[in-house]
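J.: okay, predicted coordinates and the sequence, questions at the end:
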Amino acid sequence: MGFLDGLLGHGSDLSAAEVNGQLAGILTEGESVQVAFRLIRDLIVFTDRRLILVDKQGITGRKIQYMTVPYRAITCFSVETAGSFDLDSELKIWVSGREPIQKTLKRGADILGIQQAIARSIR
């Protein structure tokens with residue numbers, strides 16, 4: 001991911017191996033990462049059991065907030081793919097009891113993979 005993309009808040013794909021190392025102690029036994037994205041220092045992680053939002057706070061990033069969203073709490077979601085002149089994709093997830101979670105991903109991000117991961121997980 002380029003520095004400019006990071007400053008603009010655009011996401012980039014991460015491998016499951018990278019995320020497993022960063023979430024050691026957070027993932028439960030047998031839980032596997034399906035799709036993950038980095039937004040500057042933050043992460044959006046879709047596992048086979050839940051959505052995990054990782055928010056690194058402060059200048060050093062030592063303080064970290066982990067938000068877990070069980071897939072059963074997702075009431076609806078939308079994806080918007082990048083167009084000819086639009087350089088980014090958008091993801092919105094509505095969770096019962098709160099405002100929608102909105103994330104912007106750079107062009108080429110696997111937005112349809114995210115859509116499939118959510119669709120498979122919420123029944």
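T.: All right, it came through fine.

J.: what's the closest non-adjacent residue to residue 103?
T.: Counting by CB to CB, 6 or more residues apart in numbering, the nearest residue to residue 103 once its immediate chain neighbours are dropped is residue 91, at 4.7 Å. The C-beta positions use only the backbone N, C-alpha and C, and glycine is treated the same way.

J.: for the helix or strand where the one you found lies, packing partners?
T.: Counting by DSSP states H and E, the element that carries residue 91 is strand 88-95. Secondary-structure packing of strand 88-95 (3 or more CB pairs under 8 Å, 6 or more residues apart in numbering; DSSP states H and E): strand 74-80, strand 101-106, helix 111-121.

J.: one more time with 10 Å
T.: strand 11-14, strand 50-57, strand 63-70, strand 74-80, strand 101-106, helix 111-121 (3 or more CB pairs under 10 Å, 6 or more residues apart in numbering; DSSP states H and E).

J.: adding mean pLDDT, distance to residue 20 and mean neighbour count as columns, could you present the ones you listed in a markdown table?
T.: A markdown table is the format used below for the helices and strands packed on strand 88-95 (pLDDT from 0 to 100; distance: least, CB to CB, whole Å; neighbours: other CB atoms under 10 Å):
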| stretch | mean pLDDT | distance to residue 20 | mean neighbour count |
| --- | --- | --- | --- |
| strand 11-14 | 60 | 10 | 19 |
| strand 50-57 | 89 | 12 | 18 |
| strand 63-70 | 91 | 15 | 13 |
| strand 74-80 | 90 | 23 | 14 |
| strand 101-106 | 80 | 21 | 19 |
| helix 111-121 | 78 | 16 | 16 |
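
J.: nearest to residue 23, of the ones you listed?
T.: Closest to residue 23 of the helices and strands packed on strand 88-95, according to CB to CB: strand 50-57, at 7.0 Å.

J.: parallel or antiparallel, which strands does that closest one pair with?
T.: Paired strands of strand 50-57, with direction, are strand 42-47 (antiparallel), strand 63-70 (antiparallel) (DSSP bridges).

J.: angle of it against strand 101-106?
T.: 80 degrees (axes from the mean of the first three to the mean of the last three CA atoms, to 10 degrees).

J.: ok, the most centrally placed residue in the chain - contacts?
T.: Compute the mean C-alpha point of the chain, and by CA atoms, centre = their mean the closest residue is residue 44, 2.2 Å away. Residues near residue 44 by CB atoms under 10 Å, 6 or more residues apart in numbering: 11, 14, 35-38, 51-54, 91, 93, 101, 103, 105, 114.
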